[in-house]
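what follows is a protein structure lacking sequence information:
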């Protein structure tokens, strides 16, 4: 047994508890959610405090018990330098979502609270699981609550978006499951630690290529990788704010995390075969996402497309198969979670105030109407466009570094071309974010109705993100010191 | 030593942070303690052009508490703010900058007494590839630039207290100026290329926010966006250049990179140098990435003085000087730099001749003067280039701040609205005269010595067919024609500079007299200090043999200066109230629009990118997502097909069964 189990059963109990309260006793579900998610965040911080930073590459707090002995599936959990930041990100964003929810009355708050906690179980479990089947189970647990959150609390076209989300990602999951089974059966074990230590030596090249294709495809839907991204803009546009925040902040990371944790170390030859293709689709995504953003007219849709570009950088980092590139990917994951989480919070608040997410409908002059709101938006936009000194920069920069000198066996010229194209994408990213700021924060306010400035509860849910974006940006070592060791172990053990 | 430098970098940063967060609180504390803002200069409408009155709408939530004025009502409509109402932010802006200036002076003094390079590293960040060394390095070059940044930043902060006294968003303005100062010092003192890049980009974003300070006007917002994006294009190249250098050398440490350059493949060095040049052209507004600088004049004038004249735009030149070893190993890049410099200096000087807006005259002049520095670097004279960088920093900051006084007095940026201010603004007049003399390169003011040092060097390189004396004898220098182009462009620019400087000077201070008030003390003193500096720092060049003027070349340059000035004076003499550039006739629109580069870029880049954006958006909905959505009817169709046989009618099933049996029998018969 390890303390990690608390991170799983606590949210599960929290999901059920509001339904067990006797009808007489009045319980504010969101208030309960704040307390419970805060407690879970505290549990995650305990893990941070207990973590042995001298050995970030070692699986700590391991727990490994038999689960389905018939097929050798084990309940294996553990945390290392790669998963620790993601656990903190997940628990933090969930807590901030509950804080934000309490701002005003939510219909069916009890159900929403329960769903968010189930979601949290799935998200945390995905990052803790060290067994392929267990990973897949947690990976799937996430889908249903997110589907319900979009379908019940979403916008006008929520049904369509929710169906698309669940069908598309389920299809991805089916492929993923096939890949995981192929990998597990050919390697003779479902244990992820053993798989990455053995670096795929005993799996035939053809099987590796096929397994990587399946696993990669399944995870790429989640990431999302161009051209498998089209569920994302719809889901984001229709999802309620907390749904968007968790979707962009955590769910997308599960795809890239899976690539780093499973596909790349366990299937090195498959990875080498597919890496140029992955890199190609990644840079296409970067440029394509940025260009699409330039022409968007809806705030949430714009941020959704910007995620495609940013996750393109993460995928490019993975595709380089270098320690630098994978560090970049993990850094980019966290940075994108913090920044885009903040951006979706802002988009939700703006949409709520103006009654529309349409850029023309919002009009200009937000700096005059609600200076702090516009100021935070400008901060988030600047962070998202990759300004050095804020979190977004380091992931992108290191991905470019990785692409300049890709792993052994990869075509260097191709990757140098990717690097140049990605750099163009970075310029386009700046272009659409500044266009956005110019369009809605600048200019005269016109005759529109008054707009409330940032509410204290909003401050409470945004300030932690702002502080972390600055902290991680000014002190990138916070994350790199954690990820560098495990990444070198994942990449280097075989070579 | 590096600890001092670190303090110099961090202090303005903390000042910015505290100014924003604690400024209003400090104001309250001080006011409660009986202190009041000591502002007694006559009230004047804040200027920075049309539309300041409308800034009032932006007041809610502005940090900076209204302070009761002593016997004087606040200007109508202004509810709070302006530097006069924000004592806390003023203190947080000025004091840290003052301390930083002292620190930079101490650093410079120490380096002067005991030369050498001192480096210190705070932490080494592992990236999986070459580590990033978060650390600083102080040598003579950095110390010199540090002093320039410190002094100009302090002058601008003090000046802004008066200039922005009625500005409702003073505290965010001052915070960005402080943040900028911090970022620029980080660029100056960085020992690692990645750390330098961090400072480099933060400067860019400060420039964006400050150019767009008056964001009510969409034109300012567009100018800010343009400034950031055009430089970002160059910066993307710079980042790639840094990566190429860093991975080539196995370290981003500047000293290590310079040590390793000799061992890198020649192509790598050339590519890296050219990529770095992209960043230089963007930041230092050199052709073909110069178009953002004139538009950036939309920012408040003190910002133009600090960021768009003295410091940030000089960072590109400084970067080339920092990485000079890389460029010397790749003379091709130096030749490219020389050609760009020649185009920039002549083109911008021509454009400066025809501008109607005083600040745009100075902006084009800045492009032209920065090109003189890059020309100095291209012909292998780093000392001359750095010398001109420092003198230009002083006299151009002076010219902008003096222009700010004039704009403050007449309430307009346009030269046509100025004129005859000689008597009304004597202090400004004298200071500006020193500045224009330095710009035109008249002895004994600073600009003369530094420009002359560049010209002399260019001359000797041109006479030697392009051989650079910084390289070992026999090594390939820059092509002879490039050296000649640079040299002749420098002489031509000298004449043009004299002409446009004289035009601006005459149109501001001469002609029919005009009523106006002299600038308040907080604005006067900074320009007096900078004028003093512009007058004397040229003599420091006499200490170094390579910067000392020689009669032949100096006289030649002065002849060109005299020719340019005489031409302009003759054009002006007949009609002192009108614009002498009107006489250029049909050429004028071409020059005034700077050869229509903006229109060209709009057609060649901006519109195609926007079009591509719309195409991608359409494709995404119709093709990529269209395919996904099409699976729904496709699945339904398949379902319907599969459902066809299941009609629920037993007769159909029986018929099918029978038909199948018959077919099977026939098949068996046929096959056997």
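Arrived safely. Quantities reported herein were computed from a predicted structural model and do not represent experimental measurements. Residues are numbered from 1 along each chain as shown, chains lettered A, B, ... in the order given.

just for the chain, where's the confidence low?
You didn't say which chain, so I picked chain A. Where chain A drops to pLDDT under 70, the residues are A:1, A:446-448, A:493-495.

my question was about chain B, not that one.
For chain B (pLDDT under 70), the answer is B:34-85.

for it, what spans make up the strands?
All strands of chain B, identified by DSSP state E, fall at B:118-125, B:132-138.

buried set for stretch A:114-122?
Within stretch A:114-122, the residues that qualify as buried are A:114, A:115, A:116, A:117, A:118, A:119, A:120, A:121, A:122, counting by 16 or more other C-beta atoms under 10 Å in any protein chain shown. In this view, the C-beta of every residue, glycine as well, is placed from N, C-alpha and C.

kindly report the same for stretch B:126-146.
Neighbour counts using 16+ other C-beta under 10 Å place B:126-139, B:141-146 of stretch B:126-146 among the buried residues.

check stretch A:201-215 too.
A:203, A:207, A:208, A:209, A:210, A:211, A:212, A:213, A:214, A:215.

helix or strand: which one has the closest residue to the third one other than its chain neighbours?
Same thing as residue A:208. Distances taken as C-beta to C-beta, 6 or more residues apart in numbering or on different chains place residue A:270 nearest to residue A:208, at 3.7 Å, with adjacent residues excluded. Take DSSP states H and E as the rule and residue A:270 turns out to sit in helix A:268-294.

now the strands of chain B as CSV including distance to chain A?
CSV is the format used below for the strands of chain B (distance: least, C-beta to the nearest C-beta, whole Å):
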stretch, distance to chain A
strand B:118-125, 5
strand B:132-138, 8
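
would you turn those into CSV with distance to residue A:64?
Below are these laid out as CSV (distance: least, C-beta to C-beta, whole Å):
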stretch, distance to residue A:64
strand B:118-125, 34
strand B:132-138, 37
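
show me the longest helix that occurs in chain B.
For chain B, the longest helix by residue count, based on DSSP state H, is helix B:218-249.

and it with chain A, contact?
Yes. Applying C-beta under 8 Å from any C-beta of the partner chain, one finds helix B:218-249 in contact with chain A at B:218, B:220-222, B:224-225, B:228-229, B:232-233, B:236-237, B:239-240, B:243-244, B:246-247.

just the buried residues of these.
Neighbour-count burial (16+ other C-beta under 10 Å) applied to these gives B:220-222, B:224-225, B:228-229, B:232-233, B:236-237, B:239-240, B:243-244, B:246-247.

could you report the neighbour count for residue A:303?
Using other C-beta atoms under 10 Å in any protein chain shown, residue A:303 has 28 other residues around it.

grab the nearest non-local neighbour of it.
Nearest non-adjacent residue to residue A:303, counting by C-beta to C-beta, 6+ apart: residue A:343, 5.0 Å away.

go on, residue B:244?
Distance criterion C-beta to C-beta, 6+ apart; nearest residue to residue B:244, sequence neighbours excluded, is residue B:272 at 4.2 Å.

could I get the contacting residues of the residue nearest to residue A:303?
A:248, A:303, A:306, A:380, A:381, A:384 (C-beta atoms under 8 Å, 6 or more residues apart in numbering or on different chains).

of those residues, which is the nearest to chain B?
Nearest to chain B among those, counting by C-beta to the nearest C-beta, is residue A:381 at 10.6 Å.

report the buried residues of the strand or helix carrying that closest one.
Using DSSP H and E, residue A:381 falls within helix A:371-384. By 16+ other C-beta under 10 Å, the buried positions in helix A:371-384 come out as A:371, A:373-384.

restrict these to contacts with chain B.
Subset of those in contact with chain B: A:371, A:378, A:382, counting by C-beta under 8 Å from any C-beta.

which one of these is nearest to residue A:9?
The nearest member of those to residue A:9, counting by C-beta to C-beta, is residue A:382 at 40.4 Å.

roughly how far apart are that closest one and residue B:214?
19 Å (C-beta to C-beta, to the nearest Å).

go on, residue A:361?
Counting by C-beta to C-beta - residue A:361 and residue B:214 are separated by 25 Å.

please identify which of these two sits among more neighbours.
Counted by other C-beta under 10 Å, residue A:361 and residue B:214 do not tie: residue B:214 has more neighbours, with 23 against 15.

the more buried one contacts residue B:220, doesn't it?
Yes. Under the contact definition of C-beta atoms under 8 Å, residue B:214 touches residue B:220, with a separation of 5.0 Å.

ok, now which ones touch the nearest residue to residue A:182 once chain neighbours are set aside?
In space, and not counting its chain neighbours, residue A:182 is closest to residue A:211: 4.4 Å by C-beta to C-beta, 6+ apart. Applying C-beta under 8 Å, 6+ apart, we find residue A:211 in contact with A:179, A:182, A:183, A:186, A:203, A:267, A:270.

most neighbours out of those, which is it?
Counting neighbours by other C-beta under 10 Å, the top entry in the contacts of residue A:211 is residue A:267, with 31 neighbours.

give the contact list for it.
Contacts for residue A:267 (C-beta under 8 Å, 6+ apart) come out as A:183, A:200, A:203, A:208, A:211, A:212, A:215.

residues from the stretch 201-350 of chain A in reach of chain B?
Counting by C-beta under 8 Å from any C-beta, the stretch 201-350 of chain A sits next to chain B at A:227, A:229-231, A:288, A:291-296, A:322-327.

could you point out which element follows the longest helix along chain A?
Ordering each helix of chain A by length in residues (DSSP H) puts helix A:323-354 first. Per DSSP H and E, helix A:323-354 leads on to helix A:359-362 as the next helix or strand towards the C-terminus.

and the helix or strand just after that next one with chain B, contact?
Next in sequence after helix A:359-362, counting helices and strands by DSSP H and E, comes helix A:366-369. Yes. Using C-beta under 8 Å from any C-beta, helix A:366-369 comes into contact with chain B via A:367, A:368.

am I right that residue B:388 is in contact with residue B:446?
No. The pair residue B:388 / residue B:446 is not scored as a contact, 9.2 Å apart, by C-beta under 8 Å.

the residue lying farthest from the centre of chain A: what secondary structure?
Each residue of chain A has a distance to the centre, and by C-alpha atoms, centre = their mean the biggest one is for residue A:24: 39.7 Å. Using DSSP: H, G, I helix; E, B strand; the rest coil, the structure places residue A:24 in coil.

grab the nearest non-local neighbour of the residue of the stretch 1-150 of chain B found nearest chain A.
Chain A sits closest to residue B:128 of the stretch 1-150 of chain B, with a gap of 3.2 Å, by C-beta to the nearest C-beta. Distances taken as C-beta to C-beta, 6+ apart place residue A:323 nearest to residue B:128, at 3.2 Å, with adjacent residues excluded.

isn't the one you found up against residue A:487?
Yes. Between residue A:323 and residue A:487 there is a contact at 5.1 Å, judged by C-beta under 8 Å.
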